[in-house]
Structure formats: structure tokens, C-alpha cells
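Participant: Kindly return the folded structure for what I paste below:
(chains A, B and C)
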Amino acid sequence: MASTPLFKEFTKGLVSQNTLLVLLLGMCPALATTTSLANAFGMGAAVIFVATMSNIAVSAIRKIVPDEVRIPIFVLLIATFVTVVDLSMKAWMPGLSKSLGLFIPLIVVNCIILARAEAFAYKNGVVRSALDGLGSGTGYALGLILVSFFRELLGNGTLFNVLVFGKAFQDNAVLVMILPPGAFLTLGLIIGTINKIRRV
Amino acid sequence: MTLLTIIIFTVFVNNVILSQFLGICPFMGVSKKLDSALGMSAAVLFVIVLSAIISYLLQFGVLVPLKLEYLQTIMFILVIAALVQFVEMFIKKASPALFEALGIYLPLITTNCAVLGTAIMVTQKDKIHNLIEAVVFATGISLGFALVLLLFAAIRERLDLETGTPRPMKGLPIALVTASILSLAFLGFSGMVKM
Amino acid sequence: MKEAKYLIVLTGVAVVCAALLAYVYKVTAGPIEKAKNDAIAEGIAAVAPELDNDPVAQMYVVDEKDPASAVIYPATSGGVVVGAAVKTISKKGYAGNVVVMVGLEGAPDGQLRVLSTMVVDMKETPGLGTKAKEGGFPNQFKNLAVPPDGSLFKVKKDGGSIDAIAGATITSRAFTECVNVAVQTWREHGPAALKAGAAPAKSEPVNSGVDAVKGGTNG
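Facilitator: Numbering: from 1, shown residues only, chains lettered A, B, ... in the order given. Modelled structure (predicted):
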């Protein structure tokens, strides 16, 4: 375990073990917050922050946390960082906070964060854990961005609210993409494609 | 707005899984077989309704009067975690068979977005005006969850036997595409009642 | 004893977390309030006539007990009433409430004109109902004179002159209702709103029903 080069702790979460598309964790926000690239970026950033900070916190106190009470402690720490993100967004990014709504507090039940805390941060040093958190968070964000790229492009004709195919396309865009069915469809097809690439 | 409206809204119009995207992970994991889907739905119903009641009381009895609303996320998730522990112990004693069948998915109810999501939603005063409405709302959410879970289990039992599905799509991807069609069908309910 | 250690660690972590959160809460409370007020101020600035008063400070809630009550933000220039921005809520949207900020030009008892409108909140169908936010439909209300005989705006289907959005009649009706309610509110409650304008500022009716901290921007 100690022989893994530091940088690899970060990169493993990006592609080969991409949290969303390979490990299939955290699907709820991937469907709900990917109606636009802006939302996906905002959500991704929030997840990166919480994943990194909670990994650091768990790792820092891992020696004094008894095994039996570790889950409540993890939850307490994760919920704290989620609240920090929630309050900060409400204060300085109110538009984003409103678009993402419920899903910011719901980061606390996003399986990835608890999974990484339990599987990695509890057993490894602070620097490695930080990189692990950063990697899994960034991988997740990349997954969100991929899904929202297609949804916004086909459902609204825009990328970051900038028209790509012209107004005529936007007025007649594939609306269903930004509605719930489109979310399921896009995610399903993307994961299927990734599976094909990985020859699963 | 009547209690019936709330039920129709939460089960059909704004279905927790197909419209609000809450509870997807257990949805994908447990919907493969009809009997585990049933057991899961019952456990989820219990947890959601109870945690909605406790969260409502906690929010308006403690957090709001003490101006501690920002502790909502922490308090709610701790309540839910504790509740799930109790439910686990209860099921283990009452029906060891069900306990075995649900396996890992029972503690995972804690991370079910639908539970925390419902707890937060019942504290939004512009939609829910009293505890009765909160209970009905939570019940509706659980019923909507159960409905989709059972519908899906029936479909998936068949889907997994199909040999026509391309290999990369087997399992989760095809389930998601099926969910997309189901979600499209449920879109037909939109506008039926409002909340 | 093991249980004691658990308790100590749990309490310790809980205390540290609570302290961190209390700090973050303090730091963000001001900006959060400001963000809320800025959003309203922006809405008012977008639709109201030229003014030099502070409409948010002079806001007047028609019915304090009703979270869906209309809110009047009077606009004066040089001490003379020039109009108001009125925020109205229609419960008749397709998928929920439609909240519109309507800019009116004219005194409550005089000739009125709808200057402009801005959708504050809506949950209508993307691509259909959301066409009420900008484009042909809301532009019909720009610089629209209010009939002096008190008759309401109506969509063509209901015998009026407003072109509804194709495929989104319900949303169009809800939006039109917002404009009508805005006009009626200004006529009926405008004088009271102007008189109360000198009173201390209250803040936006917060949906949780809890009295929030005093609002008001500093411009």
C-alpha cells in the first residue's frame, strides 16, 4: 500500500476507478444536477471540497477514533463540511445554491464520501487521503460534466448557456433530455459505452 | 389542498425516484427480485415516515426556536442513522429471514437520498403546513418508492433473462434506459394535481 | 472503560464541528441576507420606473399572514409617486406557483401602465411554460396601458387580447393573472403602501414563517 506513488492516489479516481462511471456510486445527483454544465460544475466542486476535506479530517484523527464509533464520527465530519459548503454557497453563489437545491445537503449521503472515508482515509496518512479524496471527487465531477454536456447540448442547444447550434435549434431542441427521462437515458447510455470501452 | 392531493402528488406526479431522482442506488440494487423489493419497501416506509416525524418535530421544536437551522443537515442525518440502527435490530429479532435477505441494503437505508430528502422536504413550510401533512407526505413518498420498486422488479426479473441485451448494456445501463421509459410514462401525470 | 472513551471522542468531535459551524454561520449570515435582498432589488430595478427612493426599505406586504401575498415596492422620484414594482404570486401555474415582479408606471389613482415584467420564480415545463420568462409572450406586457375602466387582461381564449404561449395556456393564464393582481393591488393598497413607506423596514415574508432579521439594502 505504501508503495503506490503519491500521484497515483489522485489519478486512480479519475478514470480507471471513476467513482460515477465505473464504481457506479452517487447516481442521484448525477441525474438531478446535470441539466446544465454550470450546475454540474458547481455540484462537482462541492463534492470535491467535501470529499477532500472529510478524508483529511478522518485521516487526521484516525488514531484516536475507536473502531466501534467510527461511522457516526465519519458522518458527523462529513455533515459538517457539507453544511460549510451549503452556507458558503447560499452566501456567495445564491443562484447556484437555488439550482442545486436539496442536492447540496444530500452530498452527506453520497455513498462515495463515506466509502472513501471508511475504505481509505481511516487507514492511511493525511497526504495520501487528501489526494484520494481529491481524486475520487474530481473523477465524480468529470462524470457529472460528461452527462451534463450531452443533456445541455441536446436539450437546450447550449453549452454553459452559450448557443451552439443557433436559436432555431434551441427552440426545437430535444426537450426530453433536460427532463427526467433524458437523465436516465443519458446516464445509462454513457455507462454502457464506458463498459464497451472497458470490454466488460 | 387535501391529504389525497398530497398522496397523488407524491406517488404519481412528482414520484420520488422517477421525477425527483432520490433513492436511485437502492432502486438499482434491490429491484432485481420481487420479494427483496417488497421487504425493502416496507423497511424504507417505516424509516421515512418515522424520520419525517422526528425531523419535523426537531426542526420546529428545537432548531428554529434556537435559531440553529444551520445544524439541520447534521441533526437529521444522525437521527436517520440512529433510526436505521434500531430498525436493523428490530428486524433481526422479528424476522431473521428478512434480515438475511436484505443483507447489506438495510444499513444502506441510511444513505438513501430519499430518507434525508424527505426529512428536509417536510420542513419547507410553504408546502407542508402541519405534522399531519408531513406524515401523509412521507407516506406518499414511501408508497411512490415502493410502487416503482415493485414495477421495476417485475420488469427486471424478465430483463435479466433476455439474451438480446448487448453485453456492455447488461445490468445497470439497461436498467437505467428502462427507468427512462418508465419515467417518460410517469411524465404523463404531470399537471394532474399541484402542491 | 471503553464506553467512556467512545463518549469522549464523540463529544470532542461534536464540539469541534459545532464550533466550526457556528463560526461559518456567523461569517455567512450577513452575505446570505444581502444575497436575498440583492435578488429582490435586482428584480425591482429591472421593471420599475426611474426612481430615487429605496423600494425595498419601503416594501409593503398586503397580507402578512399569507405567504403568497402580494408585495408592493413603491417607486418615487423627487418625492413624487411614479409607480411601483409589485411582486405577485399566482397559484394557478401548471406545476406550481408562478411569481412575477410587475413594474407599474403611474399613481394608484391615476392612469396606469405596465412597464415591464420579470419572472421571479416558476416551476413550469422547460421549453414551454418557461417561455414566459423572456421573448414574445412577456414582451406583450411591455409599455402596455391598463384599461381605465378596470377591465382585466385576458388571453385570447378567454376573450382578451393577450396571445398565450402555444401549448402553455395554463402558464400564460397564470402569468396574466399575476399582472392583473399587481394592477389591482397597486390600485387598492397603493395609498396605504405609500403612507407606510415612512415606517421602519421589515423583511421579506420568509416561507418558514419565522420572523427574519431586518432587511433592506444600502443601495
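Participant: Is stretch B:115-134 positioned near chain C?
Facilitator: Yes. With C-beta under 8 Å from any C-beta of the partner chain as the criterion, chain C is reached by stretch B:115-134 at B:123-126. Any C-beta I mention is one placed from the backbone N, CA and C, and that applies to glycine too.
Participant: May I ask you to name the longest strand in chain C?
Facilitator: strand C:80-90 (DSSP state E).
Participant: And that one, what does it pack against?
Facilitator: helix C:2-47, strand C:71-77, strand C:98-105, helix C:169-196 (3 or more C-beta pairs under 8 Å, 6 or more residues apart in numbering or on different chains; DSSP states H and E).
Participant: quick one: the closest residue to chain B within chain A and chain C, what's the gap?
Facilitator: Of all residues in chain A, A:Gly188 sits closest to chain B, at 3.0 Å by C-beta to the nearest C-beta. Separation of A:Gly188 from chain C (C-beta to the nearest C-beta, to the nearest Å): 21 Å.
Participant: Roughly how far does the most centrally placed residue in chain C sit from A:Leu14?
Facilitator: Relative to the mean C-alpha position of chain C, the nearest C-alpha, by C-alpha atoms, centre = their mean, is the one of C:Lys87, at 3.9 Å. Distance, C:Lys87 to A:Leu14, by C-beta to C-beta, to the nearest Å: 46 Å.
Participant: for C:Asp52, same thing?
Facilitator: C:Asp52 is 55 Å from A:Leu14, by C-beta to C-beta.
Participant: between these two, who's got more neighbours?
Facilitator: Neighbour tally, C:Asp52 and A:Leu14, criterion other C-beta atoms under 10 Å in any protein chain shown: the higher count belongs to A:Leu14, 18 against 10.
Participant: need the contact list for that one.
Facilitator: Going by C-beta atoms under 8 Å, 6 or more residues apart in numbering or on different chains, A:Leu14 touches A:135, A:138-139, A:142.
Participant: ok, and the most crowded of the residues you listed?
Facilitator: Neighbour tally across the contacts of A:Leu14 (other C-beta under 10 Å): the maximum, 29 neighbours, falls on A:Gly139.
Participant: give me phi/psi at B:Leu58?
Facilitator: Backbone torsions for B:Leu58, taken as degrees, to the nearest 10, come to phi -60, psi -50.
Participant: ok, and the residue of chain A closest to chain B, which helix or strand is that part of?
Facilitator: Taking DSSP states H and E as the criterion, A:Gly188 maps to helix A:180-197.
Participant: how far does that helix sit from the chain's center?
Facilitator: Distance of helix A:180-197 from the chain centroid (C-alpha atoms, centre = their mean, to the nearest Å) equals 16 Å.
Participant: neighbouring contacts of it?
Facilitator: If you take C-beta under 8 Å, 6+ apart as the criterion, helix A:180-197 is touched by A:18, A:21-22, A:24, A:27, A:30-32, A:34-35, A:146-147, A:150-151, A:154-155, A:174, A:176-177, B:18-19, B:21, B:166-169, B:172-177, B:179-181, B:183-184, B:187.
Participant: circling back: now, of the helices and strands packed on strand C:80-90, which is deepest in the fold?
Facilitator: strand C:98-105 (a mean of 25; mean count of other C-beta atoms under 10 Å in any protein chain shown).
Participant: pLDDT (mean, whole number) over it?
Facilitator: Strand C:98-105 carries an average pLDDT of 90.
Participant: How about that strand and chain B, any contact?
Facilitator: No. Using C-beta under 8 Å from any C-beta, strand C:98-105 never reaches chain B; the gap is at least 11.1 Å.
Participant: Quick one: work out the angle between the helix or strand hosting B:Leu182 and helix A:180-197.
Facilitator: Using DSSP H and E, the element containing B:Leu182 is helix B:172-187. Calculated by axes from the mean of the first three to the mean of the last three C-alpha atoms, to 10 degrees, helix B:172-187 forms an angle of 170 degrees with helix A:180-197.
Participant: And the residue nearest to the spatial centre of chain B, how far from B:Asn14?
Facilitator: Nearest to the mean C-alpha position of chain B, by C-alpha atoms, centre = their mean, lies B:Ala114 at 4.3 Å. Distance of B:Ala114 to B:Asn14, given as C-beta to C-beta: 12 Å.
Participant: who touches C:Leu20 in this structure?
Facilitator: Contacts of C:Leu20 (C-beta under 8 Å, 6+ apart): A:80, A:84.
Participant: Next up, the contacts around the residue nearest to the centre of chain C.
Facilitator: Taking C-beta under 8 Å, 6+ apart, we find C:Lys87 in contact with C:40, C:43, C:70-71, C:73, C:99-102, C:120.
Participant: Now do the contacts for the nearest residue to B:Gly23 once chain neighbours are set aside.
Facilitator: Distance criterion C-beta to C-beta, 6 or more residues apart in numbering or on different chains; nearest residue to B:Gly23, sequence neighbours excluded, is B:Ala114 at 3.6 Å. For B:Ala114, the contacting residues are B:16-17, B:22-23, B:44, B:48, B:141, B:145, by C-beta under 8 Å, 6+ apart.
Participant: Please identify which helix or strand holds B:Ala114.
Facilitator: When elements are assigned from DSSP H and E, B:Ala114 belongs to helix B:113-121.
Participant: Using PDB, write out the CA atom coordinates for that helix.
Facilitator: What follows is helix B:113-121, C-alpha atoms only, in PDB (Å, rounded to 0.1, in the frame of the first residue of the first chain):
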ATOM      1  CA  CYS B 113     -31.200  10.100  -0.500                       C
ATOM      2  CA  ALA B 114     -35.000   9.600  -0.300                       C
ATOM      3  CA  VAL B 115     -34.900   9.400   3.500                       C
ATOM      4  CA  LEU B 116     -32.800  12.600   4.100                       C
ATOM      5  CA  GLY B 117     -34.500  14.200   1.200                       C
ATOM      6  CA  THR B 118     -38.000  13.600   2.600                       C
ATOM      7  CA  ALA B 119     -36.900  14.800   6.100                       C
ATOM      8  CA  ILE B 120     -35.700  18.100   4.500                       C
ATOM      9  CA  MET B 121     -38.700  18.500   2.300                       C
END
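Participant: buried sites along it?
Facilitator: Applying a neighbour-count criterion of 16 or more other C-beta atoms under 10 Å in any protein chain shown, one finds B:113-121 buried in helix B:113-121.
Participant: Let's have those residues in a markdown table, adding pLDDT.
Facilitator: Shown next, in a markdown table, are the buried residues of helix B:113-121 (pLDDT from 0 to 100):
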| residue | pLDDT |
| --- | --- |
| B:Cys113 | 89 |
| B:Ala114 | 92 |
| B:Val115 | 94 |
| B:Leu116 | 94 |
| B:Gly117 | 93 |
| B:Thr118 | 94 |
| B:Ala119 | 94 |
| B:Ile120 | 93 |
| B:Met121 | 92 |
